[in-house]
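Q: sequence below, structure please.
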Amino acid sequence: MILADTRHHLTRDDAQLVARLIARDSGTELSQVEQELADHGIDTVLDDPRLPGALLRSRQGACASLRLFAYVMVRHALTRLGEDDRLVADYLASLMLHFGLRDRAWRVGESDDQIYASLVDLAADVNDRDGRRSFLVRTHLGNYALWVSGFFPDYIEHRRWRRGGPDLDYYEEMGRRGFQLAADHRLAENHGLATLYATAAERFGLLRAALNDVSDTMLFPDRYSPDRLIRQVTNEARWRRAS
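A: Residues are numbered from 1 along each chain as shown. The predicted structure is shown next:
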């Protein structure tokens, strides 16, 4: 099960690297940044608007842990669109890290043997007779829809034009459904995840747009197409207006 715990696994080394990056990028005395860190906690420096650029520009940024890099990029992509909930950023960063490993994106759990290649196959199993597996399938329906539409929107558009595949609206609809079904499951409340899943269902489009930003900037920065430009403009207008 993917948990919103990326931020809580950041280490002292992560915090010290962030302080050095901000100090160097801003010309501020390191001792001043460290004092701010000591007085107000790591969230103060993680939320510093200079941090994403400093991570990318500085040679020291290459030393950042994957957890730190993922959280910072996702967190700032969300805040640019008006989403300030750190728990949401934690969850999306965790999704990014987990689904980037081997074939985890196609399995409802690390120890589950079944491979799911489509949202339709997942939707067919949301009412599995095994209550725990039903919960995992519902969660995975939301996660998988968010993963694909968030990080690979150009692939979705390419497949739609070439093969008549579903569009981004379809992924949003299925993702919302998955997260809402997961939020309504009794195990979501038991694990303290009901509110998070309900939030993901309600704000799925915004979360997808934030991950699009990370993907366009970090993963596929050199790809250009009319579809990408239209998507970027639409995302920006839609969520800036909503916030």
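Q: name the residues that touch the strand or helix carrying residue 73?
A: Using DSSP states H and E, the element containing residue 73 is helix 66-80. Applying CB atoms under 8 Å, 6 or more residues apart in numbering, the contact partners of helix 66-80 are 6-7, 9-10, 14, 17-18, 46-47, 49, 51-52, 55, 61, 64, 84-86, 88-90, 92-93, 96-97, 206-207, 210-211, 213-214, 217-218. C-beta here means a position set from N, CA and C on the backbone, and glycine is covered the same way.
Q: also stretch 209-223?
A: If you take CB under 8 Å, 6+ apart as the criterion, stretch 209-223 is touched by 73-74, 77-78, 80-81, 83, 92, 96, 146, 149-154, 228, 231-232, 235, 238-239.
Q: now the residues you listed: which count as buried?
A: 73-74, 77-78, 80-81, 83, 92, 96, 146, 149-154, 228, 231, 235, 239 (16 or more other CB atoms under 10 Å).
Q: return the subset of these lying in helices.
A: In helices, judged by DSSP state H, the following of the buried ones among the contacts of stretch 209-223 are found: 73-74, 77-78, 80, 92, 96, 146, 149-151, 153-154, 228, 231, 235, 239.
Q: counting by contacts, list what the helix or strand bottoming out on mean pLDDT in the chain packs against.
A: Using mean pLDDT, DSSP states H and E, helix 226-242 stands out as the lowest-scoring helix or strand of the chain, at a mean of 77. Packing partners of helix 226-242 (3 or more CB pairs under 8 Å, 6 or more residues apart in numbering; DSSP states H and E): helix 153-163, helix 204-214.
Q: buried residues, the first one. List them.
A: Neighbour counts using 16+ other CB under 10 Å place 153-154, 156-157 of helix 153-163 among the buried residues.
Q: touching it from outside, list them.
A: 148-149, 165-168, 171, 208, 212, 215, 220, 223, 225, 227-228, 231.
Q: again, only this time at 10 Å
A: Around helix 153-163, the neighbours that count as contacts under CB atoms under 10 Å, 6 or more residues apart in numbering are 148-149, 152, 165-168, 170-171, 208-209, 211-212, 215-216, 220, 223-228, 230-232, 235.
Q: buried subset of those residues?
A: Using 16+ other CB under 10 Å, the buried ones in the contacts of helix 153-163 are 148-149, 152, 166, 168, 171, 208-209, 211-212, 215-216, 227-228, 231, 235.
Q: show me this structure divided up by domain.
A: Taking automatic domain parsing as the criterion, the chain consists of the domains 1-99, 103-243.
Q: distance between the last one and the chain's centre?
A: To tie it back to what came earlier, the one meant is domain 103-243. Centroid separation for domain 103-243 versus its chain: 10 Å, with CA atoms, centre = their mean, to the nearest Å.
Q: show me the shaky parts of this protein.
A: Across the chain, the ranges flagged by pLDDT under 70 are 240-243.
Q: kindly recompute the last result at 90.
A: For the chain, applying pLDDT under 90 flags the ranges 1, 24-37, 57-62, 101-103, 110-113, 117, 157-165, 218-243.
Q: ok, the residue nearest the centre of it to residue 104 distance?
A: By CA atoms, centre = their mean, the chain has its centre lying nearest to residue 92, at 2.7 Å. Distance, residue 92 to residue 104, by CB to CB, to the nearest Å: 15 Å.
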